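Asks: sequence first, predicted coordinates after that:
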Amino acid sequence: MKFEIKMEKLGTLCNRITNSSSLTVGIVFFTLLTDCILYGIVAPILPDILKDLDQNVGKNKTTGTILINESKVEVTLVNSSCSFAYFNTGKQDVIIGFIIALKEISQLFSNFIVGPVIDKIGYDIVMFNGYIVMMTSTLAFAYWNTYPGVFIARALQGIGSAMATTGGMTLIADMFRDDEERGRMLSFILFGMTMGFAIGPALGGVLYQFGGKPAPFLVITAMGFILLILQLCTRRMRRSDFKGTSNNSYKKLLMDPYLLLACSTIIFGQFTMASLPSVLPIWMKRTMCAEDWMLGAAFLPLNGGYMVIIAILGCLNFTKRRWILNFLSFFFAAISSSTYPLCKSLYDLIGPGLILGISGAMISTSAYQILGYLADIRHGPSFYGSAYALADAAYCAVFAVGPMVSGALVPAVGFSVCMYILTGISILGILPSLFLRKPLSQEYKKDNESDRLIEQKDEARSTE
């Protein structure tokens, strides 16, 4: 009898844990944290990884040379006290930009599949499988020492990230239906993204310098494994009642001018932040003789400012004036990108980094809240999955295009001109933000199965 009572209490406790909204938010928080660490952790270590890959290619040649065609490349050292001749050949910017962008390219195209899948079968199964893909691809990146292996592993990371992050954002949107409450939760979740961007480069630089190439990626794999276990223990791995409306959901959303404007603000606002990881480390090696840990430390002011502002905005909850945050963020981005070329040391990077972090926090907070609000007033709750998939696709687009564009511009026009071009791109984002001041609502039909189920869930929650 006592055993049955204990088992009943244990079952009650498990049900409370399973239905705990706080634990669910925590899982999504650490999902985005892990994904953003995975993006930034490679930035400070890619120059040395690329050098090692090229040396392996040289060792396999019949001549037995390790260095890469140094006799055929005219090398000019920017600082004679540095020994980084390899990083002055020019081609590294392009290759590093492509490797960084490859994850986001893969994630961008995966989102167009993941969104409708979530709308049909729910987010739990998609998130769970996303963790598995992220873990296996990260392990592969750690131990594959060839260009094809690195490219494949990086692309698989994007697929796993698309499944995990889009599923997580949709879960939050479905769980918190009140606009103000959802705004607070999204601000908290975006704080996880910020922590990931902040921790990633510094963690990658330190672990690589003291633990070698596998160390950073083993840490990410362990984080993914913990998330997988947590979701397996707390979420129901079955098809949920969050089912889609139709196969034309993306077509309908892409015809909405307000949603497109909101996504365009993400692209313009985050372009500078997306471009820096591919060009800043190489530029620091050329001009500052930077060591590996310094390459990661250079991103701490940027991401520290991002973290602080995200936390503040989450507490203040700018629900009524979020378009103002969206508008002002572009001015901060322009100021930051125009001052980066003036920096001469690691300490000089603190000011521009802080300003850019503030800009990124403002655009992230406002854009996601605006997208959730637009889905509510113009399409209905059953379009959350596709709407947030489009938002994630916008992020992936800018973090895919940004590194490749900047990586190609620096060898052609130099770092300074590249940053001034990024300043102009930031200023262009002011125009679409003005149209988001007072978006017009529109009627939508509530005659599909998904909307009926969601309305039933809302009624049940209101009576609890």
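Replies: Thanks, I have the structure now. These numbers come from a predicted model, not from an experiment.
Asks: which stretches of the stretch 351-464 of the chain have low pLDDT?
Replies: For the stretch 351-464 of the chain, the stretches flagged by pLDDT under 70 are 380-386, 439-464.
Asks: just the strands from it, written as ranges.
Replies: Read by DSSP state E, counting those that start in this stretch, the stretch 351-464 of the chain holds no strands at all.
Asks: by mean pLDDT, which helix or strand of the protein comes out lowest?
Replies: helix 449-463 (a mean of 48; mean pLDDT, DSSP states H and E).
Asks: please identify the buried residues of whichever strand or helix holds residue 272?
Replies: Using DSSP states H and E, residue 272 sits in helix 271-288. Buried residues in helix 271-288, counted by 16 or more other CB atoms under 10 Å: 271-286, 288. C-beta coordinates here come from the backbone N, C-alpha and C atoms, glycine included.
Asks: quick one: mean pLDDT for it?
Replies: For helix 271-288, mean pLDDT rounds to 85.
Asks: what helix or strand is residue 156 on?
Replies: Using DSSP H and E, residue 156 sits within helix 147-175.
Asks: now for that helix, which elements pack on it?
Replies: Helix 147-175 sits against helix 21-40, helix 46-59, helix 91-121, helix 124-143, helix 179-211, helix 350-378, helix 384-413, with contacts defined as 3 or more CB pairs under 8 Å, 6 or more residues apart in numbering; DSSP states H and E.
Asks: now the angle from that helix to helix 124-143?
Replies: Orientation of helix 147-175 against helix 124-143 (axes from the mean of the first three to the mean of the last three CA atoms, to 10 degrees) gives an angle of 150 degrees.
Asks: so how far is helix 147-175 off the chain centroid?
Replies: 9 Å (CA atoms, centre = their mean, to the nearest Å).
Asks: ok, now stretch 226-237?
Replies: The chain centroid and the centroid of stretch 226-237 are separated by 22 Å, computed with CA atoms, centre = their mean.
Asks: tell me how far the closest residue to residue 418 other than its chain neighbours lies from residue 133.
Replies: Among residues not flanking residue 418 along the chain, residue 409 sits closest, at 4.2 Å (CB to CB, 6 or more residues apart in numbering). Using CB to CB, to the nearest Å, residue 409 is found at 32 Å from residue 133.
Asks: burial measure for the closest residue to residue 298 other than its chain neighbours, as a count.
Replies: Nearest non-adjacent residue to residue 298, counting by CB to CB, 6+ apart: residue 349, 5.2 Å away. If you count neighbours by other CB atoms under 10 Å, residue 349 ends up with 23.
Asks: how close does residue 349 get to residue 343?
Replies: Distance, residue 349 to residue 343, by CB to CB: 5 Å.
Asks: now residue 281
Replies: According to CB to CB, residue 281 and residue 343 sit 14 Å apart.
Asks: kindly report the same for residue 106.
Replies: Going from residue 106 to residue 343 by CB to CB gives 32 Å.
Asks: compare these two (neighbour count), which wins?
Replies: For residue 106 and residue 343, the more surrounded residue by other CB under 10 Å is residue 106, and the numbers stand at 24 against 20.
Asks: any regions of the stretch 151-300 of the chain where pLDDT drops low?
Replies: Across the stretch 151-300 of the chain (using pLDDT under 70), the flagged ranges come out as 179-180, 183, 187, 194, 198, 235-250.
Asks: what helices or strands is the helix holding residue 272 leaning on?
Replies: Using 3+ CB pairs under 8 Å, 6+ apart, the elements in contact with helix 271-288 are helix 46-59, helix 91-121, helix 292-297, helix 322-339, helix 350-378, helix 384-413, helix 415-428.
Asks: quick check: angle from the fifth one to helix 415-428?
Replies: Going back to what we said before, that points to helix 350-378. Angle of helix 350-378 versus helix 415-428, following the same axes, to 10 degrees, is 30 degrees.
Asks: and helix 350-378, what's buried?
Replies: Neighbour-count burial for helix 350-378, counted by 16+ other CB under 10 Å, picks out 350-376, 378.
Asks: quick one: the helix holding residue 272 to chain centroid distance?
Replies: Computed by CA atoms, centre = their mean, the chain-centroid distance of helix 271-288 equals 18 Å.
Asks: report the angle between it and helix 384-413.
Replies: Helix 271-288 runs at 30 degrees relative to helix 384-413, counting by the same axes, to 10 degrees.
Asks: number the chain from 13, please
Replies: Got it, first residue is 13 now, which makes that one helix 283-300.
Asks: surely residue 49 is in contact with residue 219?
Replies: No. Between residue 49 and residue 219 there is no contact under CB atoms under 8 Å: 11.0 Å.
Asks: neighbour count for those two, which is higher?
Replies: Neighbour tally, residue 49 and residue 219, criterion other CB under 10 Å: the higher count belongs to residue 49, 24 against 21.
Asks: dump the residue contacts of the nearest residue to residue 264 once chain neighbours are set aside.
Replies: Distances taken as CB to CB, 6+ apart place residue 391 nearest to residue 264, at 7.0 Å, with adjacent residues excluded. Residues near residue 391 by CB atoms under 8 Å, 6 or more residues apart in numbering: 264, 265, 268, 399, 456.
Asks: please pick the buried ones from those.
Replies: 264, 265, 268, 399, 456.
Asks: for residue 356, helix, strand, or coil?
Replies: Assigned state for residue 356: coil (three-state reduction, DSSP: H, G, I helix; E, B strand; the rest coil).
Asks: measure it to residue 212 for me?
Replies: According to CB to CB, residue 356 and residue 212 sit 25 Å apart.
Asks: more crowded one of the two?
Replies: Taking neighbours as other CB under 10 Å, residue 356 and residue 212 compare with residue 212 leading, 28 against 9.
Asks: how about the more buried one: what's its closest non-neighbour residue?
Replies: Sequence neighbours aside, residue 52 is the residue nearest to residue 212 in space, at 2.7 Å (criterion: CB to CB, 6+ apart).
Asks: quick one, the strand or helix carrying residue 321 and helix 191-223 angle?
Replies: When elements are assigned from DSSP H and E, residue 321 belongs to helix 312-328. Between helix 312-328 and helix 191-223, the angle formed by their directions is 160 degrees, by the same axes, to 10 degrees.
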